[in-house]
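Asks: Fold the stuff below for me.
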Amino acid sequence: MLRDEGKGEAATVETLVFILGDQLSHSISSLDGFNSASDAILMCEVMAEATYVGHHKKKIAFIFSSMRHFAQELRDRGYHVRYVTIDDPANSGSFDGELRRAVSDMCPKSIQLTEPGEWRVHEIVCGWQASLNTPVKIVEDKRFICSKAEFAAWAAGRKTFVMEFFYREMRRKTGLLMQGDEPVGGKWNFDTENRRPANPDMFRPERRVTSQDAVTDEVIGIVGRLFPDNFGELNDFNFAVTSSEAIRISDDFLRNHLAEFGSTQDAMLADDPFLNHSLLSFYINVGFIDPLDLCRRAESAYLDGRAPLNSVEGFIRQIIGWREYMRGIYWLSMRAYREMNFFNSERPLPAFYWSGETDMNCVATVVRETRANAYAHHIQRLMITGNFALIAGVDPRQVHEWYLEVYADAYEWVEVPNVIGMSQFADGGIVGTKPYAASGKYISHMSDYCANCRFSVEKRTGDDACPFNFLYWDFLARNRNRLSVNRRLSRQYANWDRMYEADRVEIIESAARYLSKLSQPEGV
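Replies: Just a heads-up that it's a prediction; the model follows:
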């Protein structure tokens, strides 16, 4: 086990650098100017961070093991590291408590850290200088392409913040896939080429398998003991816990999966949860992989003829477009954003989001894979679990907390705007131009889930009809006063109006019966 180090060395510490669990980069800005002879580093696993929501067991194990490996790498480079493990009897259980203990033991003249990614941690940090009577310097996180101030300047005066326009600015700023001032290929966005359903493919390259070492084995045992009732499974742990292994995984993706990533990125297969997705968001968000460097490597794959433009552009857009955009939205309006509820939805999150026990094969499959992997790809999140919660009228705050708990790449800065804004349209259209609501027809087209479902995707009403069908139309009907002004929904409302009155009544009654059962403790 990595032990608590550094006590009793008060006279030697000039600057104490506090590194958080999602800042595991050797180039993190808080280490700029670090003097190995006089400075020290503090890292700590604390119960407050592990329990502010009930994180997936694999998420906790991934972060703690990654932190321990990173701390050892720092020591190997000559840094003095004080590391506090979650099971240390002296562990106070909070960032505040561990910093106070470190300050008491080491008497640093100043404290330095890279700005936290989440608002709640930022508020904690902002109180340290006064409470500790020690200078605290918070430095900018240079892992992002767009600073908070730059995003605020871009957003100033805009009524809506369309990601596509922001993305174009990031393309110009980075020069990625650009020819002068124009995009390579004559278009900014090749999304229309990236919506192909996938077929099972026994020849799809196998994923790189990582091996567990003694540190990870110990962490898994600790997590199993301290968090036995948390969501998720710990077996078959296959996360990289070092930057070097994460880079090898990124190499594998660029070599074996990037070429097909674009065309099948919206597809879903019951027996292939990963398809050609990168599985790199965990490592980007924790600090192992530099996002801009990764994008440049993807660009090189296109320039060298190893991957088509639609795949490379789509991949780069997810990183310098959506990822940067979500962070900007989060910090621009965080205080109010998390509480937004445009549709006044109040239904509790159904129990099957935890158990997976539902006859809807699509939802059951995604929840089962989420329990096993602490991962689901973006269309599974958006168009299965997110879509169902939206059209069923689930409280968006509960949906947000579920996503934050169950996915290993979920941090509030990226998850809140994705869920509250894009998935649940609870912001009323700040992020999305229309709700991402869909019937079973979309799921049937983009997946093989419906073939093994007891519900009929062809039926719109009745007890054996796909719930997505009647819930979709019921969602539009009950929110017409809010959505009818949305031009992107004019065709849907025209189709609703063309239905026979008896059919509309039957749809609403089917939805009412289903939602009434959904509110019961056993769900569906």
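
Asks: Can you list the residue ranges for strands in the stretch 1-150 of the chain?
Replies: Under the criterion DSSP state E, counting those that start in this stretch, strands of the stretch 1-150 of the chain are mapped to 15-18, 40-44, 81-84, 110-114, 136-139.

Asks: Minimum distance to residue 245: which of those strands has it?
Replies: strand 40-44 (19.3 Å; C-beta to C-beta). In this view, the C-beta of every residue, glycine as well, is placed from N, C-alpha and C.

Asks: measure residue 252 to residue 458 for me?
Replies: 40 Å (C-beta to C-beta, to the nearest Å).

Asks: Compare those two (neighbour count), which wins?
Replies: Each of residue 252 and residue 458 has its neighbours counted (other C-beta atoms under 10 Å); residue 252 has more, 17 against 12.

Asks: Quick check: the more buried one is in a strand.
Replies: No: using DSSP: H, G, I helix; E, B strand; the rest coil, the assignment for residue 252 is helix, not a strand.

Asks: hang on, the earlier thing: mean neighbour count for the strands of the stretch 1-150 of the chain - can I get that in JSON lines?
Replies: As requested, the strands of the stretch 1-150 of the chain are arranged in JSON lines below (neighbours: other C-beta atoms under 10 Å):
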{"stretch": "strand 15-18", "mean neighbour count": "24"}
{"stretch": "strand 40-44", "mean neighbour count": "24"}
{"stretch": "strand 81-84", "mean neighbour count": "23"}
{"stretch": "strand 110-114", "mean neighbour count": "22"}
{"stretch": "strand 136-139", "mean neighbour count": "16"}
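
Asks: Would you mind giving these as TSV with distance to residue 145 and mean pLDDT added?
Replies: Listed next are the strands of the stretch 1-150 of the chain as TSV, based on distance: least, C-beta to C-beta, whole Å; pLDDT from 0 to 100:
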stretch	distance to residue 145	mean pLDDT
strand 15-18	24	98
strand 40-44	26	98
strand 81-84	29	98
strand 110-114	16	98
strand 136-139	17	97
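
Asks: Let me know which of these is the nearest to residue 315.
Replies: Once the strands of the stretch 1-150 of the chain are compared by C-beta to C-beta, strand 110-114 is nearest, at 26.2 Å.

Asks: So what touches stretch 217-232?
Replies: 1, 50, 54-61, 64-65, 68, 85-87, 212, 234, 237, 354, 370-372, 374, 405-406 (C-beta atoms under 8 Å, 6 or more residues apart in numbering).

Asks: quick one: residue 383 and residue 436 touch, right?
Replies: Yes: using C-beta atoms under 8 Å, residue 383 makes contact with residue 436 at a distance of 6.7 Å.

Asks: more crowded one of these two?
Replies: residue 383 (24 against 17).

Asks: Helix, strand or coil: sort out the residue lying closest to the more buried one once chain neighbours are set aside for me.
Replies: Nearest residue to residue 383, sequence neighbours excluded (C-beta to C-beta, 6 or more residues apart in numbering): residue 438, at 6.0 Å. Under three-state DSSP, residue 438 falls in the coil class.

Asks: Near residue 438, how many other residues are there?
Replies: Neighbour tally, residue 438, other C-beta under 10 Å: 19.

Asks: phi, psi of it?
Replies: Per-residue torsions, residue 438: phi -150, psi 150 (degrees, to the nearest 10).

Asks: contacting residues around it?
Replies: 383, 387, 468, 472.

Asks: Tabulate the residues you listed in TSV, adding columns for pLDDT and secondary structure.
Replies: Converted to TSV, the contacts of residue 438 look like this (pLDDT from 0 to 100; DSSP: H, G, I helix; E, B strand; the rest coil):
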residue	pLDDT	secondary structure
383	97	helix
387	98	helix
468	98	helix
472	98	helix
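
Asks: Can you say which of those residues are buried?
Replies: 383, 387, 468, 472 (16 or more other C-beta atoms under 10 Å).

Asks: I'd like the distance between the last one and residue 435.
Replies: Meaning residue 472. Counting by C-beta to C-beta, the gap from residue 472 to residue 435 is 10 Å.

Asks: again with the first one
Replies: Residue 383 sits 12 Å away from residue 435, going by C-beta to C-beta.

Asks: Same check on the third one?
Replies: Note on residue 468: its distance to residue 435, by C-beta to C-beta, is 14 Å.

Asks: How about the second one?
Replies: Distance, residue 387 to residue 435, by C-beta to C-beta: 9 Å.

Asks: how about the contacts of residue 438 in JSON lines, adding distance to residue 14?
Replies: Shown next, in JSON lines, are the contacts of residue 438 (distance: C-beta to C-beta, whole Å):
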{"residue": "383", "distance to residue 14": "52"}
{"residue": "387", "distance to residue 14": "53"}
{"residue": "468", "distance to residue 14": "60"}
{"residue": "472", "distance to residue 14": "61"}
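
Asks: ok, these vs residue 163, which is closest?
Replies: residue 383 (17.6 Å).

Asks: For the closest one, which residues are in contact?
Replies: So residue 383 contacts 436, 438, 442-443, 446 (C-beta under 8 Å, 6+ apart).

Asks: Please apply the same query to residue 98.
Replies: 42, 44, 46, 84, 91-92.

Asks: I'd say residue 285 and residue 412 touch.
Replies: No: checked against C-beta under 8 Å, the pair residue 285 and residue 412 is beyond contact range at 11.2 Å.

Asks: what bits of the stretch 1-150 of the chain have low per-residue confidence?
Replies: 1-11 (pLDDT under 70).

Asks: distance of the nearest residue to residue 108 once chain neighbours are set aside from residue 58?
Replies: Distances taken as C-beta to C-beta, 6+ apart put residue 16 closest to residue 108, at 3.7 Å, once the chain neighbours are dropped. From residue 16 over to residue 58 the distance is 31 Å, taken as C-beta to C-beta.

Asks: In terms of pLDDT, where does the residue nearest to residue 383 sit?
Replies: At residue 438, the pLDDT value in this model is 97.

Asks: Could you report the neighbour count for residue 172?
Replies: Residue 172, neighbours per other C-beta under 10 Å, totals 13.

Asks: who touches the helix or strand containing it?
Replies: Taking DSSP states H and E as the criterion, residue 172 maps to helix 163-174. When contacts are defined by C-beta under 8 Å, 6+ apart, helix 163-174 is touched by residues 145-146, 151, 154, 177-178, 181, 183, 188-189, 292, 295, 317, 320-322, 324-325, 328, 431.

Asks: ChimeraX command to pick out the buried ones of those?
Replies: To isolate the buried subset of these in ChimeraX, counting by 16+ other C-beta under 10 Å, use the following:
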select :145,146,151,154,177,183,188,189,292,295,317,320,321,322,324,325,328,431
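
Asks: Show only the entries of the contacts of helix 163-174 found in helices.
Replies: 151, 154, 292, 295, 324-325, 328 (DSSP state H).

Asks: residues near residue 162, how many?
Replies: Neighbour number of residue 162 under other C-beta under 10 Å is 13.

Asks: do you know how far it is from residue 430?
Replies: Using C-beta to C-beta, one gets 10 Å for the distance from residue 162 to residue 430.

Asks: tell me the contacts of the spatially most central residue of the chain?
Replies: The centroid of the chain falls nearest to residue 410 when counting by C-alpha atoms, centre = their mean (3.6 Å). For residue 410, the contact set (C-beta under 8 Å, 6+ apart) comprises 59, 403-404.
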